[in-house]
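Trainee: The amino acid sequence is not available; the structure is as follows:
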């Protein structure tokens, strides 16, 4: 009888020890689970930050690309205007030259007519009304 009682007490002790170990392992499991949750949240936050950053980078890159395109367009427009100004200048200079050459041609024609007229006057005394006014 004593021996059975002894056995029972030992078994009870063992059961209590097992319960204690189980409680400890349950606590460990809970704390591990909490850590896991925290890590998961951290990971999600990191992922969110990364995606926000990559979106920002994409936006900045897009803005840069747009700015570069605008600069290129502006440069192209400026070159066009410069070309037009050059063309206008060339045309203007040619126009002035042709006008002055026209004037000098015209002047030489008139001078020739005048000299012919004077020459004619001297020799033939013919009267051409209007020509001496030239």
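Mentor: Yep, that arrived. Keep in mind that this is a model prediction, so the values were computed, not measured.
Trainee: Tell me how far residue 58 lies from residue 52.
Mentor: To residue 52, residue 58 is 11 Å away according to Cβ to Cβ, to the nearest Å. In this view, the C-beta of every residue, glycine as well, is placed from N, C-alpha and C.
Trainee: An error on my part: the question was meant for residue 5.
Mentor: 70 Å.
Trainee: And residue 23, by the same measure?
Mentor: The value you get for residue 23 to residue 52, if Cβ to Cβ is used, is 43 Å.
Trainee: what's the answer for residue 102, then?
Mentor: 73 Å.
Trainee: low-confidence ranges in the chain?
Mentor: 122-134 (pLDDT under 70).
Trainee: just the helices in it please.
Mentor: Ranges of helices in the chain, per DSSP state H, are 2-124.
Trainee: Neighbours of residue 20, how many?
Mentor: When neighbours are defined as other Cβ atoms under 10 Å, residue 20 has 10 of them.
Trainee: can you pull the contacts of it?
Mentor: Residues near residue 20 by Cβ atoms under 8 Å, 6 or more residues apart in numbering: none.
Trainee: distance of it from residue 9?
Mentor: From residue 20 to residue 9 the distance is 16 Å (Cβ to Cβ).
Trainee: same deal with residue 64?
Mentor: Using Cβ to Cβ, residue 64 is found at 81 Å from residue 9.
Trainee: Residue 120 now?
Mentor: 163 Å.
Trainee: okay, these two: which has more neighbours?
Mentor: Neighbour comparison, residue 120 and residue 9: the larger count goes to residue 120, with 14 against 10 (by other Cβ under 10 Å).
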